[in-house]
Structures are given as structure tokens and as C-alpha cells.
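[1] Mind folding the following:
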Amino acid sequence: MTPRWFPRILAPLLAVLLALAALPTVSLAQTDRRCFVETGFCIEGRIRQFWEQNGGLRVFGLPIAPQQQEQIEGHLLQVQWFERNRLELHPRNQPPYDVLLGRLGADVLAQQGRDLFTFPRSGPQPDCHFFPAAQQNVCGQFLAVWRASGLEFDGRRGASEAESLALFGMPLSGQQTETIEGKEYTVQWFERACFELHSENAPPYHVLLGLLGSELRGGLAARPLPLPSPSPPAIDPPPDEASARLRVREGFVVRRFAASLDTPRLMAVGPDGALYVAERGAGRVVRLADRDGDGRADAIEPVVSSLTAPHSMEWIAGCLYVAENDEVSRHCDADGDGSLERHTHIVALPSGGAHTSRTLHAGPDGKLYVSAGSSCNVCIEGDPRRAAILRFELDGGIPPDNPFANDPDVRRRSVWAEGLRNSIDFVFMPDGQLWANHNGRDNMIDTRAKDERPLEELVIAVQGGKHHGWPFCTTEHPDGDRTPGAGPYVEVPDPTGDVPRAPPGFGCADAVPALFTGLAHSAPIGIARYDGSLFPPEYTGDLFVALHGSWNRTPPAPCKVVRIIIENGQPVAAEDFLEGFQDHPNQSCGAAWGRPAGVTTGADGALYVSDDLKGQVYRIGRKPAG
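    Down below sits the predicted model:
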């Protein structure tokens, strides 16, 4: 094959001095602006600073578009495209991480319909650098290039491994032969680049970088890419049944976004900006796009069907990963026609018994995290993958740095954290911490105590390799106070008579307690960190949690959506955000008008809430001024 992305002329990676000596003509139209006559585009501000500090022309190439707002993996960001990469502004991150590079190597492979997971894997090889997580080697002249360049993080001369990794990313393939304009060359794909060996050129021009940015943008001086979804609607839809029934916090409006869904649960924003929903009762994932920007889904569009009780999904490396009751599956568009026709089984999950939902998210380390609830109320599980959060490679393999990667029980090797009775959803915070909810046990101690204990763990900072208490312990304040809210908390032994004997050496003092709790049996399902721009600034970084409400508490724990306020990286307070699902406080949530399940921030900055009882999705936007 002759890949479309290989340009006829490629600039060398290593010709540092030559590149600096031949910098393009620039004009300083403004004090902070640097413009290039070759393409007609300028760079300025933080992007210019980052471009100049980290190799400039030789690493990123010329700008081929203006700095503009685009939708990247479901988020609106300020970005600028260059010949070899895309720079993204993330102002909430501390420098140097406030500017991130796009994963254009993976993006180009996806655009070409090539599945990166089909590349052959290998073990360590002599005189090579082996990447265990990717199961790939970088060798020879490619390794010399990889080690010679990197983003500047530490202020020291030369490139450290972390700096090289930040620039190029992990290898996606080994060295392989591909045809470029009728000739065969050795190439190697990385997350953010593609190296090619041109032995006909003298060093340092023998190793060249593909112009992946130009390929994805369609050539130099490309027109700005249109947003895949419209801007937030200026006017919300007219009042409807949802707005008449539900009560949202002052300053916001709620409207029905979609209806006639069969048990919608967790949601995700796709690369096209549309909302994707796991329609659990129908065994499918559907797309809810709002192409005309009227604040309502245009239609219910099936994307993947014939699934087993799908509960959550996430777009990873251009493919849709789905957490089903008994497996994780991956669905890719192999031929570029917009349909996900390539279906791959990734890994089997334990099933049977209680707590049948499964949830997955990609971690900042590039691994796949999956939660699987317990099979019972209180017991010692026969399968260590139950009541746990699991961690896999994206192809379903076991990461070698998993805490139990060498356990004699092969099932336990995928376990990342245990003692979590039913963590239905979780989120990764900016510092990389995994925060989950944790649905506690039922029928604790006696008929009176069970209504107040255990406190529902709305936020727990999950620790890799650690035990989080269930079924032996419960979270309480150190002084025994049972008021829900912010900590500190400790894990103490559960005094109920049905608690099994703990294994030798286990103590509740070693278990991880909650950070923030709610009313007993509140049943948190969806959790999302608000990172949109539609809400007031004080909402940025806070959590929204969908409480499903109780089935066996008197009076019932209400079904509602709450906002958990984060200050200095810790949850400090909670407030009701969306209410009105119950007819009266004593109504069971199972018999209520509706029942919130999932919550997510949309590409337009609105908050979306799924209702698995009513079969609807609600959109919460900002009330217009005046």
C-alpha cells in the first residue's frame, strides 16, 4: 500500500543547527506574534513559547492553521495545527503540562482504517529499548533519534526518557516495511509520530518524520476544521414536562434532551461531539446528536447492537470500548465509512449473581480500568475479580506493573484495587488519582441501624494494590459521628453478625476509607468532573453525582443529582443540584416519576443526566441573563 500521509518532501528531525540557520522569514506584526510567509499563519502567546522552547521548526514544522477552538475528544480546546503535530492549550494544568501534543500517530492510523492492536508484539531484544506497556522495542538509528529529542521539562541539557516519551509517545509498532511513493522503506509508528528510514540520504537526513499534521488537516494552509457539533444553543428549547417536573439549582434550566430510551445508563462524548449512551435494556449503544443546535437530540441512532447489558463506553484511540456484563468489547470503523463494523472481544469479565453493571474508563497511564461489583451483599468472593477495580492493557493483556501481576491465581492478576463492594463509576482527577463511588452493604446490624449505616461512600480515593474494606469494614468518622459529608474517616470493623472472618493479617486500620459520604443507601451511580465552559467558573473541577436512591430505607434516601464542591483537591461540601423525581419524600425511588443514573459534561458545556426509569436524558444549561 502507499499511505496517503507520506509527503513528497519531509524535513529532517536531527538537523538542528541547519534548521536554526535557515529559519523562515518572519514578521513581528505584534510584539508577541511570529508569522510565517510560507503558510501565512502566525503563532503567539503560550503556543509560540512552547513551540520555540521545544524544537520549533525541526520538531513541529510550520503552522498550517490559526490558533482556534476545536473539539478534541469531546472537549472544546484552543488548538493550533502544525505540519507534524497539534498543540493543545489546557490552561487548568500547571506548566509545562498546560500545552499538550495530539496523538497524531494513533489518529492517522485510525483515519487510514489501520488497527494499531494488530501490529505484532515482541519481547526485549539486545541493544534495544523495550517498552513493556507497549510490548515493542525501539532499536538502532530510530532509538538514537528517539533519545536525541524531547520536550523540555527539567531545564537540563539533553533529552531524558520522560522528555522523549512526552514528544513521541510510546511505540505502537515495531520496525516494519511500508511502501512510500513506489519505494520500500523501514518505518516505525509512535503515538505522536512516525519515523522513516531513508538510507539514500546522508545523516542527519536519513531519519525523517512524517507530516502527520498536514495529513490529518488535508495539506498546508488548510482551512479551519468545522466543529463536529454546533455551538451551545443561544436559546433553550421551550418548557416541557421535565422543566415542569424537575427542580434545578437557581441560575440553570433543565429540558428533556431525548426520550423513549430503554434503561439508559452511563454516557460519553464521542470524537464527533455527540452524546453516546449505553442503552442497557436494548443491548446497544446509541448516538444522540444535536446537529441543528436546538438543545434536543435529532434522533436515536444505534451505533452498536447485540450487546449484553452494556453499561458504559468510552472512545479510546479512535475505537469505542464497551463494558458489557460479561466482557469488554471494542468496536472500530475499519474502512472509514462512519460505521463501527469491526467488533473485537477484548477481555472476559466475571458475571452472575448481584451487581451486574460493569464500567470502564481509560486511565492517564494509557491503561484500561474496569469496575466489577460483588456477587452478593456480604461474602468472601470466590472470584477475586469481583468487588474490585481491574486494570488491563488496551488489548486485554495484564500490565506487568499491576500490583498482583504475578499472583498464583491468574484471575487476580488483573486486580488493581479490592474490597469495593460496588463502585459503579469512577473518574480520574487532574493529579491522576482515581476517585470512585462505593455502594455499601444492606441490612447492617438490625432493622433500626440499617437505615443509617453504613454511610454511603460518594467519593473514595482508590489506591492501587490496597484493600478498601468490604466485607469486613465500614467507613465512619473517628469519633463515631454518623453525619454524612466531608472527612476525615477511618475504616472500622463491621459489627454485624453476618460478616465473614477476615484473613490472617488483615486489619481495618489498613483499609482505605472514604473521602466524602452521603446518606446511607443513596446508591451513587454516575460521577463526572465538570470541565466545561458553560457553567459559572466556580463549578469548574467540581463533581456531579447521580444518586439512584434507596429501595430498603425508611424514609427512602432520595434520588437526585448532587454537586460535590472541591477545594484544594479535596471534597468539602455537597449541595442538591437536580431534584423532583419523587412525588413526596416517602415515595420509593423505584416507584418515582424518574430516577437519575448517569451524568456527564457535554461537548457544549451543558450537564447531561440519564434517567433509567423514565427512559430519558436531560440537558441542564445556564439560564439566560435577564
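[2] ok, Asp326 - contacts?
    In this structure, Asp326 makes contact with Thr308, Ala348, Leu349, Pro350, Ser351, judged by Cβ atoms under 8 Å, 6 or more residues apart in numbering. For every residue, glycine as well, the C-beta is placed using N, CA and C.
[3] Excluding covalently adjacent residues, which one is nearest to it?
    The spatially closest residue to Asp326, leaving aside those adjacent along the chain, is Ser351, at 4.2 Å (Cβ to Cβ, 6 or more residues apart in numbering).
[4] Which elements pack onto the strand ranked longest in the chain?
    Of all the segments of type strand in the chain, defined by DSSP state E, the longest one is strand 570-579. Here strand 570-579 is seen to pack against strand 247-248, strand 456-462, strand 516-518, strand 560-567, strand 616-622 when contacts are counted using 3 or more Cβ pairs under 8 Å, 6 or more residues apart in numbering; DSSP states H and E.
[5] For the one helix or strand Asp107 maps to, what is the distance to the chain centroid?
    Per DSSP states H and E, Asp107 falls inside helix 104-111. Once both centres are worked out by Cα atoms, centre = their mean, to the nearest Å, helix 104-111 turns out to sit 18 Å from its chain's centre.
[6] again, but for stretch 42-49
    Using Cα atoms, centre = their mean, the distance from the centre of stretch 42-49 to the centre of the chain it belongs to is 28 Å.
[7] now what about it, what contacts it?
    29-30, 32-36, 51, 63, 66-67, 80, 87, 89, 98-99.
[8] swap in stretch 151-168?
    Under the criterion Cβ under 8 Å, 6+ apart, residues 53-55, 59, 96, 101, 146-150, 190-193 lie in contact with stretch 151-168.
[9] now do 7 Å
    Contact with stretch 151-168 is made by Gln53, Asn54, Val59, Pro96, Trp146, Arg147, Ala148, Ser149, Gly150, Phe190, Arg192, Ala193, as judged by Cβ atoms under 7 Å, 6 or more residues apart in numbering.
[10] now stretch 181-188
    The contact list for stretch 181-188, computed with Cβ under 7 Å, 6+ apart, reads 2, 6, 8, 142, 171, 173-178, 194-198.
[11] Run through this protein and note the low-pLDDT ranges.
    Under the criterion pLDDT under 70, the flagged ranges of the chain are 1-31, 73-74, 154, 218-235, 626.
[12] Please repeat the previous calculation with a cut-off of 50.
    When the per-residue scores of the chain are filtered using pLDDT under 50, the ranges that remain are 1-31, 219-232, 234.
[13] Can you pull the domain assignment for it?
    Following automatic domain parsing, one finds the domains of the chain at 16-217, 241-622.
[14] how many other residues sit next to the closest residue to Pro478 other than its chain neighbours?
    If you skip the residues right next to it in sequence, Pro478 has Val490 as its closest partner in space, 5.3 Å away by Cβ to Cβ, 6+ apart. One way to gauge burial is a neighbour count; for Val490, by other Cβ atoms under 10 Å, it gives 17.
[15] Could you find which two of the contacts of stretch 42-49 are furthest from each other?
    Distances among the contacts of stretch 42-49 were taken as Cβ to Cβ; the most separated pair is Ala29 and Asp98, at 24.6 Å.
[16] got the end-to-end distance for stretch 587-594?
    End-to-end distance for stretch 587-594, by Cα to Cα, to the nearest Å: 11 Å.
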